[in-house]
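> this one's sequence-less:
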């Protein structure tokens, strides 16, 4: 449900220590492609949580992929996660965390369910700088929801100021805008006839016009202190 879930999962995982048997929460997993990838690549046990996609629909995809013993779908809202304290070794969120995690208090929800020494990783669309004004070349395309896009430096401060997480990585994906544009163009090509309401072609046009001046992807990785 994002551009492209598997690419973003691979990039996030490069900054993580993932080992077989670990408990991983894939928060905002969409259609569970990222969860299936994590289970196959690393042998981790993944709780695939999403609000909009039902657990039943995701279970069918998980079973078809043959990882039903490692991936467990849950339908849940990010502020009402039905998990016990210190359940997860790792929480990962791909192309979703900016919808709820810009709240100053949200990281506290995650830290409750993260084990001491556990990891949290997010990849989100970002503004490469923390500008306030809308760039003139993007005025025809601007959507108010782009206000949730923040720079890696903003995310670093956002987490560090809580004292709950030690940030170990805060960076932008090289040429992230290009991968994003290519994904939108592919979606537009596939959906042009069956789903004309999806305006991925316009999004791709915006990204091509911007050419990496404003938009990209931010990666944040942090660890919860042992005490």
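Sure, I can see it. All values reported here derive from a predicted model rather than from experimental measurement. Residues are numbered from 1 along each chain as shown.
> Excluding sequence neighbours, find me the nearest residue to the residue positioned nearest the centre of the chain.
With distances taken as CA atoms, centre = their mean, residue 94 lies nearest the centre of the chain, 1.4 Å away. Once flanking residues are discounted, residue 94 sits nearest to residue 8: 4.6 Å by CB to CB, 6 or more residues apart in numbering. Backbone N, C-alpha and C define where each C-beta goes, glycine included.
> what does residue 93 give?
The shortest distance from residue 93 to any non-neighbouring residue, by CB to CB, 6+ apart, is to residue 27 (4.2 Å).
> Now do the same contact list for the one you found.
49, 78, 81, 91-93, 96-97, 110 (CB atoms under 8 Å, 6 or more residues apart in numbering).
> Reformat those as a markdown table; add pLDDT and neighbour count.
Converted to a markdown table, those look like this (pLDDT from 0 to 100; neighbours: other CB atoms under 10 Å):
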| residue | pLDDT | neighbour count |
| --- | --- | --- |
| 49 | 98 | 28 |
| 78 | 96 | 20 |
| 81 | 95 | 18 |
| 91 | 98 | 26 |
| 92 | 98 | 30 |
| 93 | 98 | 27 |
| 96 | 96 | 25 |
| 97 | 97 | 25 |
| 110 | 96 | 24 |
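> Among those, which one sits closest to residue 208?
residue 96 (24.6 Å; CB to CB).
> roughly how far apart are the residue nearest to the centre of the chain and residue 33?
9 Å (CB to CB, to the nearest Å).
> Residues in contact with both of these two, list them for me.
By CB under 8 Å, 6+ apart, the residues touching both residue 94 and residue 33 are 5, 9.
> And the helix or strand hosting residue 10, what's buried?
Assigned by DSSP states H and E, residue 10 falls within helix 5-13. For helix 5-13, burial by neighbour count (16 or more other CB atoms under 10 Å) applies to 5, 7-9, 11-13.
> repeat for stretch 139-158
141, 148-156, 158.
> quick one: average confidence on the helix or strand residue 169 falls within?
Using DSSP H and E, residue 169 falls within strand 166-172. Averaging pLDDT along strand 166-172 gives 97.
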